[in-house]
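Novice: Quick one: sequence and predicted model below, then my questions.
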Amino acid sequence: MAKEKQENRVFENETGVQGQYKNWFLDYASYVILERAVPAIEDGLKPVQRRILHAMKEMDDGRFNKVANIIGQSMQYHPHGDASIGDALVNLGQKDLLIETQGNWGDVRTGDEAAASRYIEARLSKFALEVAFNAKTTEWQLSYDGRKNEPVTLPMKFPLLLAQGADGIAVGLSTKILPHNFCELIEASIKSLRGRKFELYPDFQTGGMIDVAAYNDGKRGGKVRVRARVEELDKKTLVIRDVPYGVTTTQLMESITKANDHGKIKIKKVIDVTAADVEIQIDLAPGISPDITIDALYAFTDCEVSISPNACVIVTNRPQFLTVHELLTVSSENTKTLLRKELEIRLQELEDKWHYTSLEKIFFEEKIYKELEQKHETWDKVIEAIDKAFAPFKKKLKRTIEREDILKLTEKPVRRIYRLDINELNEQIKAIEADIKQVKFDLDNLTDFAVSYFEALLKKYGKGRERKTILKEFDTIQVKHVAIANTKLYLNRSEGFIGTGLKKDEFLCECSDYDDIIAFTKGGTMKVVKVSDKVFIGKDIIHAAVFEKNDERTTYNMIYLDGKTGTSYAKRFNVTGITREKEYDLTRGTDKSKVHYFTANLNGEAETVKIILSPNCSARIKEFDFYFEEMEIKGRSSMGNQVTKYPVKTVKLKEAGKSTLAGRKLWFDDKFGRLNTEGKGQYLGSFEDEKIILFYKDGSYELTDTEITQRFEPEKIKLIEKFVPEKVISAVYLDNDKQQYNIKRFRIETTTLKTAFLFIKEGTGNRLEAVSTDAEPLLIVQTGRGQAVRKAKFKVARMVDIMGWKAVGAKLTDYSKTLEMEWEQKPKDENAQPELFG
């Protein structure tokens, strides 16, 4: 009885829920991975996609078919609902590669869905018919119900997986392969076949810009950053020209609205006017910088997204994680193998055709057909007689004569044979032999044949499939620099609290949620904290402000009392790197130390103060001036210089000081189009209140300030440098209407900042060729090519008078396609102002 109960318990465990989970879960996971979510490496397709394409090939007659009919045909092979087939078919059609579409198929940019399947139509593209199908090289298997054959994989002779990309979530793993450019994939396939190095980076239908610095060949752990193109239409309006991959215009607008609602950006409204091209207009709030807003859009909205690739594919019925290089190499070799199979099949067909045509020629030329007129006892005797008649000619053939060959000859209608017929057969044999020779040559030179195949694909289908996504290295946007001051900060000096929730206390400043706050107390301590509702600093706060990390210009001037010795010290210091929430002691750290005097100077100003000593002290001079400008700026931990050993009654400001710092040195980074103080790019000079001037290739100039958050477009800039009003500008530009180059010299007369002024003749095709601010510029003009090269030098300052900035200028020379010009570069002093040449 106990044994029977034990057996029943075992049976229940195997058939119950626990047993089913234990035994079936692995089967379920394997099914989802192999049959639904992850593409095969051979053709780059998931099973549903492969079955759709196979069904469409069966239906193909050159005309469009209703998508509803295609779904029905596909259901013979795919054991799931029509919805999954319909979604997969629309997804394939929207990629615009294997399927030609007709009707409303939706829009991946806006997120609009396709019309119902009964209203839209599709057919296989010519490209798909050429690269994806060949019944002779296809491996077949029975469909799920055993009624039909379906391909195990399609004989794909193209890196489809990398062209279309793939997304899939299975059980315990997922795949995400980004799409790549059609033309670049073919070029990379050719390089792979040749054994050369190649690089591949994603390219999206939606356009935009992509930073592939961390792509890591598509491996797990890599990532790409994708941005929409945001342009400044005018000082009050921004325009978004495309959307990042995987983001729709609706999602993008929602993210912008959300960022505005949370105070991260300030805009008046956002309008979607997308038609044939994406166009989202953003109207800025009054007084808001468009440059800072562009950075904020990238920092806080879906104008920039990060995508992590995860290339998982099915290899010999197992999921594997591969790189883009490995995927393309496998695809190239697979294409080469398929082409070899096609050539071998073609060779066999040609040899069979040669064999039969040769038999036919001998059959008629040697009049073997007359054996059919002889009286033989049976049909087999007739076949034997014909076979015997061929005996003298068998050595000329490449294989034995089969009974089926003779039967096929006897089926040909026997009529009067002319010499013309024999000649035609000879021509056919010659043509077949030439084809056999070519096929054998291609087999012997299979790599070259595969390269020619890819080159033909590129020539035939590459037009209009150029790269849409711009490869560009992105700069790192400091969130705190672009965040809008969206909250108010308050201060309780006596109790030592700072926070956004202390609304009954003293208002300090407006700041953003991403800011750090630096605060100093009467006791000589300093602390840096994050903006929060309420945070304790220390009693008797004497100064607090928004903290800028690595700020070497803000200088703190302080006089403090050392509590142990009674001596007063003065110090000047910067605060650059710190540990947040840590308390720093700026005095000598003894009890009863306190601050007599403290100022924060944004540009390193050094004031003069009057120090009044205690009237009861023994000092002979009880009032004297102290000059901070005589002190060096040191670190915050420095002790400082002794001011007096006598008790100090008070310290008063006597005279505001001037900056003791040199001008701020600026560089222009032409990679990102940014100004910086880190020494990246072209050195512009040392600035205090000076301006920067930019000359653009379209013939305009612009004056601007030294604000670091500005954005420039390097590809449009001809020259950028520090603006010196006294300098004379020498410029050469193309007058496209008159087909001539004009030259002019002028001074900058405008003072308006951040406004472009056209200083060349207005007209279509007119452009700035060269510009210099050198006092005595020497222009070198070269014409001709090779042996016919001619050079001429022009001393511009002597040949052209200074004129108004709006003047047309004087003719320099006629336009020529071979003409080149540059300024002669003079030896530069290391400390001289750097200069670019047009």
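Specialist: Received it, and whenever you're ready, just let me know what you need. The structure displayed is predicted, hence computed values, not measured ones.
Novice: Give the residue spans of this structure that score low on pLDDT.
Specialist: Counting by pLDDT under 70, the ranges of the chain that qualify are 1-35, 366, 369-373, 375-377, 412-420, 826-838.
Novice: Tell me where the longest helix sits in it.
Specialist: Taking DSSP state H as the criterion, the chain has its longest helix at helix 324-365.
Novice: distance between the helix or strand that that one is followed by and the chain's centre?
Specialist: Once the chain leaves helix 324-365, the next helix or strand it forms, by DSSP states H and E, is helix 379-389. Centre-to-centre, helix 379-389 and its host chain are 74 Å apart (Cα atoms, centre = their mean, to the nearest Å).
Novice: Just want the angle from helix 379-389 to helix 324-365.
Specialist: Helix 379-389 and helix 324-365 are oriented at 100 degrees to each other (axes from the mean of the first three to the mean of the last three Cα atoms, to 10 degrees).
Novice: list the buried ones in helix 379-389?
Specialist: 382-383, 386-387, 389 (16 or more other Cβ atoms under 10 Å). The C-beta positions use only the backbone N, C-alpha and C, and glycine is treated the same way.
Novice: Who are the contact partners of residue 310?
Specialist: 174-177, 220, 321 (Cβ atoms under 8 Å, 6 or more residues apart in numbering).
Novice: cool, and residue 76?
Specialist: 55, 143, 147-148.
Novice: now residue 245
Specialist: Residue 245 neighbours (Cβ under 8 Å, 6+ apart): 178, 202, 204, 206, 208, 226, 305, 307, 469.
Novice: Kindly indicate which of those residues lies nearest residue 502.
Specialist: Ranked by distance to residue 502 (Cβ to Cβ), those are led by residue 305 at 37.7 Å.
Novice: and that closest one, that's in a strand?
Specialist: Yes - Residue 305 forms part of a strand when assessed by DSSP: H, G, I helix; E, B strand; the rest coil.
Novice: ok, now how distant is the residue lying closest to it once chain neighbours are set aside from residue 90?
Specialist: Of all residues not flanking residue 305 in the chain, residue 244 sits nearest, at 4.7 Å (Cβ to Cβ, 6 or more residues apart in numbering). Residue 244 sits at a distance of 21 Å from residue 90 (criterion: Cβ to Cβ, to the nearest Å).
Novice: related to what we said a few turns ago, what would the contacts of residue 76 look like in JSON lines with distance to residue 84 and neighbour count?
Specialist: Shown next, in JSON lines, are these (distance: Cβ to Cβ, whole Å; neighbours: other Cβ atoms under 10 Å):
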{"residue": "55", "distance to residue 84": "14", "neighbour count": "24"}
{"residue": "143", "distance to residue 84": "16", "neighbour count": "16"}
{"residue": "147", "distance to residue 84": "20", "neighbour count": "9"}
{"residue": "148", "distance to residue 84": "19", "neighbour count": "13"}
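Novice: So which of these sit within helices?
Specialist: Short answer: the contacts of residue 76 in helices (DSSP H) are residue 55.
Novice: farthest-separated two in the contacts of residue 76?
Specialist: Using Cβ to Cβ, the contacts of residue 76 span at most 13.6 Å, a distance reached by 55 and 147.
Novice: residues in contact with the spatially most central residue of the chain?
Specialist: Residue closest to the average C-alpha location in the chain (Cα atoms, centre = their mean): residue 210, at 1.0 Å. When contacts are counted by Cβ under 8 Å, 6+ apart, residue 210 touches 201-202, 204, 224-227, 469-472.
Novice: What's the ChimeraX syntax to select whichever of those are buried?
Specialist: In ChimeraX syntax, the buried subset of the contacts of residue 210 is picked out as below (16+ other Cβ under 10 Å):
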select :201,202,204,224,225,226,227,469
